[in-house]
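Peer 1: give me a model of this one.
(one chain, ligands or ions: 1)
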Amino acid sequence: MKKPKNVSILGTKYEIKHLDVVVHEDAVCFGLIDPDEKTITIQEGLDEKEREAAITHEIIHGYLIESGLPRYYNDELLVEWLTRMIRAIVKTAAVAIGEGD
Ligand SMILES: [Zn+2]
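Peer 2: Coordinates of the predicted model:
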């Protein structure tokens, strides 16, 4: 699978990096976003579902900060809920709009 090197979050370019180990506040994690450096770092070697969830999770953090909601940026419960629900929400909306099946 191709690994993009950059992504735009509401017009702000974030570099996507991959590291063998990602550490945040002394804890190993699957991913990390740095809104000051404009980087998203993802752990190397994750399986497809873990990688997809980690990238989605960090991008949601990015959308919260870039859209002017810093209050929610560090709300891990909210970010993780959005990570799990966004695809279901998009699918439900597509059905309601008449585009889904
Ligand atoms: Zn997080």
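Peer 1: in this protein, where's the longest strand?
Peer 2: Longest strand in the chain, counting residues (DSSP state E): strand 12-19.
Peer 1: what sits up against that strand?
Peer 2: Identification of contacts with strand 12-19 by Cβ atoms under 8 Å, 6 or more residues apart in numbering yields 3-8, 33, 38-44, 55, 62, 66. The way it works is simple: take the backbone N, C-alpha and C, and place the C-beta from them, glycine included.
Peer 1: so of those, which ones are in helices?
Peer 2: I55, G62, E66 (DSSP state H).
Peer 1: isn't I86 right up against H57?
Peer 2: No: using Cβ atoms under 8 Å, I86 is not in contact with H57, being 10.2 Å away.
Peer 1: okay, now the unreliable bits of the chain?
Peer 2: 1, 101 (pLDDT under 70).
Peer 1: ok, the ones in helices among the contacts of strand 12-19 vs E80, which is closest?
Peer 2: Of all the ones in helices among the contacts of strand 12-19, I55 has the smallest distance to E80: 13.6 Å, by Cβ to Cβ.
Peer 1: that older thread, out of the contacts of strand 12-19, which are buried?
Peer 2: The neighbour-count test (16 or more other Cβ atoms under 10 Å) applied to the contacts of strand 12-19 identifies I33, I40, T41, I42, Q43, I55, G62, E66 as buried.
Peer 1: who has more neighbours out of I86 and H57?
Peer 2: Counted by other Cβ atoms under 10 Å, I86 and H57 do not tie: H57 has more neighbours, with 23 against 13.
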